[in-house]
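Trainee: The amino acid sequence is not available; the structure is as follows:
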């Protein structure tokens, strides 16, 4: 029987293997990692008949080309990208059968930022601490995908979904924020103005944090805060006053004060925000 694997031909700005991450190890200094847009990751897996924890490929801006060594079913969700199989255009957000030896191409994202490619059986690179996710902060897990890599694929466990209508979600440009634990480190006027404040996504954003540019959040003083635990969605404010929303590869501790935490339901929107796009913070 043919080896179940993907031969990587072309890689865009960044392609990483991601599953649901390795939560529960923060006390050891290990970030959670995992797919930044977890709903898109889960949907892609469901379409091809995988368990939601199976590993997918997270493609920053799309742009991936590979050849299959055996027949598989694929699905692409998250950012909207053109999908072609053996030179023929195929649907985004659908289960697509692929013959052995076929070339699959994902084009540049037209909407959103991170596309998720699921393949029936899941990407079966070696797990580390129970996860196959690439962690860009610690370097744990597999290296980012490179041209020439051969990625093993597992055996299918369930039947792909034959019919399911998928649309790119119309996500709000508001990030809801719960204040605390260190809002008292900032001037009352800055805290009050935070609700409804508009910020632009910085080009320095990555899987570690969504960096925002706008009206600086002013501190009461320049004192130093001892390092303390950080959580997913924490909004840390460095000395320049420009907030950073911690995403999946965030450090487990930090010394800058956290003015609030983005509600979990809004974190997937952070995964699809492009540099230069504007968002609004809303205190809830």
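Mentor: Perfect, I can see it now. The structure displayed is predicted, hence computed values, not measured ones.
Trainee: Please make it C-alpha for all contacts and neighbour counts, starting now.
Mentor: OK.
Trainee: ok, so what distance separates the residue nearest to residue 92 when sequence neighbours are not counted from residue 59?
Mentor: Distance criterion C-alpha to C-alpha, 6 or more residues apart in numbering; nearest residue to residue 92, sequence neighbours excluded, is residue 76 at 5.6 Å. For residue 76, the distance to residue 59 (C-alpha to C-alpha, to the nearest Å) stands at 10 Å.
Trainee: Tell me which of these two has more neighbours.
Mentor: Between residue 76 and residue 59, counted using other C-alpha atoms under 10 Å, the more crowded position is residue 76 (32 against 26).
Trainee: The more buried one is in contact with residue 104, isn't it?
Mentor: No: judged on C-alpha atoms under 8 Å, residue 76 makes no contact with residue 104 at a distance of 11.3 Å.
Trainee: if I look at the two, which residues touch both of them?
Mentor: residue 83 (C-alpha atoms under 8 Å, 6 or more residues apart in numbering).
Trainee: Report the residue ranges of every domain in this structure.
Mentor: 5-152, 174-283 (automatic domain parsing).
Trainee: Could you pull up the contacting residues of residue 262?
Mentor: Residue 262 sits next to 175, 176, 177, 178, 233, 234, 235, 245 when contact means C-alpha under 8 Å, 6+ apart.
Trainee: go again using 7 Å as the cut-off
Mentor: By C-alpha atoms under 7 Å, 6 or more residues apart in numbering, the contact set of residue 262 is 175, 176, 177, 178, 233, 234.
Trainee: One more: residue 59?
Mentor: Contacts here follow C-alpha under 7 Å, 6+ apart; on that basis residue 59 touches 14, 15, 16, 114, 115, 116.
Trainee: same check, this time on residue 145
Mentor: 15, 16.
Trainee: in the stretch 101-250 of the chain, which spans are strands?
Mentor: Using DSSP state E, counting those that start in this stretch, the strands found in the stretch 101-250 of the chain span residues 103-108, 111-119, 150-152, 174-179, 198-201, 209-214, 228-229, 234-236, 244-246.
Trainee: would a markdown table of the ones you listed with mean neighbour count, mean pLDDT and distance to residue 278 be doable?
Mentor: Shown next, in a markdown table, are those (neighbours: other C-alpha atoms under 10 Å; pLDDT from 0 to 100; distance: least, C-alpha to C-alpha, whole Å):
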| stretch | mean neighbour count | mean pLDDT | distance to residue 278 |
| --- | --- | --- | --- |
| strand 103-108 | 22 | 98 | 21 |
| strand 111-119 | 26 | 97 | 13 |
| strand 150-152 | 18 | 98 | 37 |
| strand 174-179 | 20 | 95 | 9 |
| strand 198-201 | 18 | 97 | 4 |
| strand 209-214 | 21 | 98 | 9 |
| strand 228-229 | 12 | 94 | 29 |
| strand 234-236 | 26 | 97 | 17 |
| strand 244-246 | 24 | 98 | 14 |
